[in-house]
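> next one to model:
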Amino acid sequence: MVSGVPDLTEVQPFDIDSTTVVGAVFTLAVAYVLARFAAYALTRLSERSVKRRTTVKMFIPVTRSVIYAAALYYVLGPLFNLTSGQLLAFSGVLGAVLGLGIKELFANMVAGIVMVFESPYRTGDKVEFRDYYGEVTDIGIRSTKLTTPDDSVVTVPNYLVFTNAVSNANAGSVEMMVVVEFHVAADTDIDRAVSVVREGLKISRYVHLSDNHGVQVLVEDRRGYRRLRGKAYINDVRNEQAFRSDVTERVLAKFEEEGIESPDVSAALLDDAGSVGSAGEEA
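The predicted model follows:
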């Protein structure tokens, strides 16, 4: 026998019978039901207040993690009473299982627990991950679900969040900056065009105006046309698409009324393909 390592003949077998297995399965099933119920109750509660929606929803993954942790502690509690030889044998079995194909699942679970404390995003945040953008609707132990503006549900394995950049548009706040772009001909009265865009941003029913949150219009000279980028905060992240549509409709109608022309299509396509940088200025 190597010093410090018990001989295999000295390792006592695990005392696991059918009652223990049934009890463990029942405990995990109860934990699953409780976690689902807690998530449902907190979600319903969060929807009652726009201002507190993201704050309440941040407790969903925390509550879920606590319930599952308590269940696992109850199921695996006997391991803390194992002898050193039994614990060594169990570690070997666990290592073999991880090596046989569930290491990715284990990585997702660890990442899910870490995310509860680091909070790169919360439920209700608008995030961009790789080629996907949408609202975080669920943060689970294994994965995170995003709902895109087109109502598609994207499931992202949790461990990928720590190996890829994630852009968070509102970081837990219900207000969020939205950019609406317009293109006008190069010879347009730019001051008038800027005024139209600024007014369209201000009068939208979805805009959020305060001492810290005003509106901006940036002008960029492009090849054969100019691009106007209107920037403003909205009162609720869920109004992002409605705000864009509202402002676009108002501004385009005013452009037509004022005789502000769109750029030549061929010039715009040439610029998109190409090589000319933009010079931006705040209007």
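> where does the prediction get shaky in the stretch 1-150 of the chain?
Counting by pLDDT under 70, the stretch 1-150 of the chain contains low-confidence ranges at 1-21, 49-51, 53-55, 58, 76-118.
> in it, which spans are helices?
Along the stretch 1-150 of the chain, counting by DSSP state H, counting those that start in this stretch, helices occupy 18-46, 53-57, 59-76, 84-97, 103-118.
> tell me what the longest one is packed against?
Counting contacts by 3 or more C-beta pairs under 8 Å, 6 or more residues apart in numbering; DSSP states H and E, helix 18-46 packs against helix 53-57, helix 59-76. The way it works is simple: take the backbone N, C-alpha and C, and place the C-beta from them, glycine included.
> taking their axis directions, that helix and helix 59-76 sit at what angle?
Our comparison of helix 18-46 with helix 59-76, counting by axes from the mean of the first three to the mean of the last three C-alpha atoms, to 10 degrees, yields an angle of 170 degrees.
> buried ones in helix 18-46?
24, 31, 34-35, 38-39, 42-43, 46 (16 or more other C-beta atoms under 10 Å).
> in TSV: those residues, plus distance to residue 136.
TSV is the format used below for these (distance: C-beta to C-beta, whole Å):
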residue	distance to residue 136
24	32
31	23
34	22
35	17
38	18
39	13
42	14
43	12
46	13
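> is there a neighbour count for residue 232? I'd like the number.
24 (other C-beta atoms under 10 Å).
> can you check residue 190 too?
The burial count for residue 190: 17, using other C-beta under 10 Å.
> wait, it touches residue 219, no?
Yes - counting by C-beta atoms under 8 Å, residue 190 does reach residue 219; the two are 6.2 Å apart.
> could I get the helices and strands packed on helix 18-46 as a markdown table with mean neighbour count?
Listed next are these as a markdown table, based on neighbours: other C-beta atoms under 10 Å:
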| stretch | mean neighbour count |
| --- | --- |
| helix 53-57 | 20 |
| helix 59-76 | 17 |
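> quick one: which of those is nearest residue 148?
Taking C-beta to C-beta, helix 53-57 is the member of the helices and strands packed on helix 18-46 nearest to residue 148, at 18.4 Å.
> quick one on the thing from earlier: ok, so of the buried residues of helix 18-46, who is nearest residue 69?
Ranked by distance to residue 69 (C-beta to C-beta), the buried residues of helix 18-46 are led by residue 31 at 9.2 Å.
> what sits against the nearest residue to that closest one once chain neighbours are set aside?
Take residue 31 and drop its neighbours on the chain: the residue closest to it by C-beta to C-beta, 6 or more residues apart in numbering is residue 71, 3.5 Å away. Residues in contact with residue 71 (C-beta atoms under 8 Å, 6 or more residues apart in numbering) are 27-28, 30-31.
> dump stretch 179-196 to CSV, restricted to CA.
This file holds the C-alpha atoms of stretch 179-196, laid out as CSV (Å, rounded to 0.1, in the frame of the first residue of the first chain):
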residue,chain,number,x,y,z
VAL,A,179,-30.2,55.1,-31.8
VAL,A,180,-32.4,55.8,-34.8
GLU,A,181,-30.7,56.4,-38.2
PHE,A,182,-31.8,58.5,-41.2
HIS,A,183,-30.1,59.3,-44.5
VAL,A,184,-30.5,62.5,-46.5
ALA,A,185,-29.1,63.9,-49.7
ALA,A,186,-25.7,65.6,-49.5
ASP,A,187,-27.2,69.1,-50.5
THR,A,188,-29.9,68.9,-47.8
ASP,A,189,-30.3,71.9,-45.4
ILE,A,190,-28.7,69.9,-42.6
ASP,A,191,-29.7,72.3,-39.8
ARG,A,192,-33.4,71.8,-40.8
ALA,A,193,-33.0,68.0,-41.1
VAL,A,194,-31.3,67.9,-37.6
SER,A,195,-34.1,69.9,-36.2
VAL,A,196,-36.7,67.5,-37.6
